[in-house]
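Student: sequence-free structure coming up:
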């Protein structure tokens, strides 16, 4: 994980292989740097595996950056980012990827065993 950020606020969860940093470029015609600055990540944001947050942008409170998403534009609060600079409003009735009351590992194992049994029954 590489992080070069202006600010990361409280209660931000960052998963593996995330890049947060600059997206600057040099304009040869104007002889100057553009996109100078680094992201600001507001509070209660979850950044899932492999996401990229690049440039002088703001990521709004209570938002989710989906796995593999690439963000180079400001993101409103209470949103879900996916794909490349795609956003949609987050359903307030659900927490995605992370919740302080995380699921018991036995329930995950049970669900996976049911899926394996279903797969084995399809052969």
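Tutor: Cool, got the structure. Values in this document were obtained by computation on a predicted structure and should not be read as measured data.

Student: hey, where'd the strands end up in this structure?
Tutor: Counting by DSSP state E, the chain has strands at residues 2-3, 7-8, 13-14, 19-21, 25-27, 32-34, 40-41, 46-47, 52-54, 58-59, 64-65, 70-71, 79-82, 86-89.

Student: Which residue, neighbours along the chain excluded, lies closest to residue 25?
Tutor: Closest residue to residue 25 in three dimensions, ignoring its sequence neighbours and counting by Cβ to Cβ, 6 or more residues apart in numbering: residue 34, at 5.4 Å. The C-beta positions use only the backbone N, C-alpha and C, and glycine is treated the same way.

Student: and the one you found, how many neighbours does it have?
Tutor: 12 (other Cβ atoms under 10 Å).

Student: which parts of stretch 56-76 are buried?
Tutor: 56-57, 59-60, 62-66, 69-71, 75 (16 or more other Cβ atoms under 10 Å).

Student: Closest to residue 18 out of those residues?
Tutor: Nearest to residue 18 among the buried residues of stretch 56-76 is residue 65, at 8.2 Å by Cβ to Cβ.

Student: The closest one reaches residue 50, doesn't it?
Tutor: No: contact criterion Cβ atoms under 8 Å: residue 65 and residue 50 do not qualify, at 9.9 Å.

Student: For residue 35, list the residues it contacts.
Tutor: Residue 35 is in contact with 22-25, 55-56, counting by Cβ atoms under 8 Å, 6 or more residues apart in numbering.

Student: let's see it at 6 Å
Tutor: Going by Cβ atoms under 6 Å, 6 or more residues apart in numbering, residue 35 touches 23-25, 55.

Student: try residue 61
Tutor: Residue 61 sits in contact with 42-44, 77, where contact means Cβ under 6 Å, 6+ apart.

Student: Give me the PyMOL select line for those residues, limited to the buried ones.
Tutor: Remark: buried members of those, expressed as a PyMOL selection using 16+ other Cβ under 10 Å:
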select buried, resi 42+44+77
